[in-house]
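Asks: Any chance you can model this:
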Amino acid sequence: MVTVDDVIDRLETRAYKHGLEVSDLLEKIPSDVRDCHEEVNEWLDMKDVSHKMPVSTHPHLQSDPDNVMWEDSDVNRARGAQPMTETEILTAQLDNELDARKIDDNSLPDADWVDVLIDYDVDTDFDFPEQSPMFW
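Replies: Residues are numbered from 1 along each chain as shown. I've put the predicted structure just below:
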């Protein structure tokens, strides 16, 4: 079983590799997945950090959070060091949302993981049952 620390280590490794902050990468993961460390781990199994403008031709954008997004690993690696087209960016965004819905099991947010998100100052806009309008 994967632990919260395992997921943090994976995120830190990816962030460090691209000169980014962990919070930059977490913010780019859809909230449907971001509420549970096991779901984030599953996300990391499927996705690469992709640069919209390749580092080989735009090294000054390597650590710019606006130049990165999550993308399916096979798609990212097949494109190589080519700039992403607008169509590729939109396709990746849509695919990310669809993949997040597939991964999400609609479970309650993991309290230990939410503490990690708060420590990294990541938006925690999850609806806990006591906050849901259904319980008002």
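Asks: CA only for contacts and neighbour counts going forward, please
Replies: OK.
Asks: Which residue ranges of the protein form strands?
Replies: Along the chain, the stretches classed as strands by DSSP state E are 47-51, 68-72.
Asks: of those, which approaches residue 30 most closely?
Replies: strand 68-72 (10.0 Å; Cα to Cα).
Asks: what's the offset of that closest one from the middle of its chain?
Replies: 8 Å (Cα atoms, centre = their mean, to the nearest Å).
Asks: that older thread, want to try CSV for the strands of the chain, with mean neighbour count and mean pLDDT as columns?
Replies: Listed next are the strands of the chain as CSV, based on neighbours: other Cα atoms under 10 Å; pLDDT from 0 to 100:
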stretch, mean neighbour count, mean pLDDT
strand 47-51, 21, 96
strand 68-72, 21, 97
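Asks: Export these as CSV, with columns for distance to residue 8.
Replies: Below are the strands of the chain laid out as CSV (distance: least, Cα to Cα, whole Å):
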stretch, distance to residue 8
strand 47-51, 15
strand 68-72, 17
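Asks: Which one of those strands lies nearest to residue 1?
Replies: Closest among these, once you apply Cα to Cα, is strand 47-51, at 19.9 Å.
Asks: Who are the packing partners of that closest one?
Replies: strand 68-72, helix 73-79 (3 or more Cα pairs under 8 Å, 6 or more residues apart in numbering; DSSP states H and E).
Asks: Put the alpha carbons of that strand into PDB.
Replies: C-alpha atoms of strand 47-51 as PDB (Å, rounded to 0.1, in the frame of the first residue of the first chain):
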ATOM      1  CA  LYS A  47       1.000  11.200 -16.400                       C
ATOM      2  CA  ASP A  48       4.100  13.100 -17.200                       C
ATOM      3  CA  VAL A  49       4.900  16.700 -16.500                       C
ATOM      4  CA  SER A  50       4.800  18.100 -20.100                       C
ATOM      5  CA  HIS A  51       6.300  21.400 -21.300                       C
END
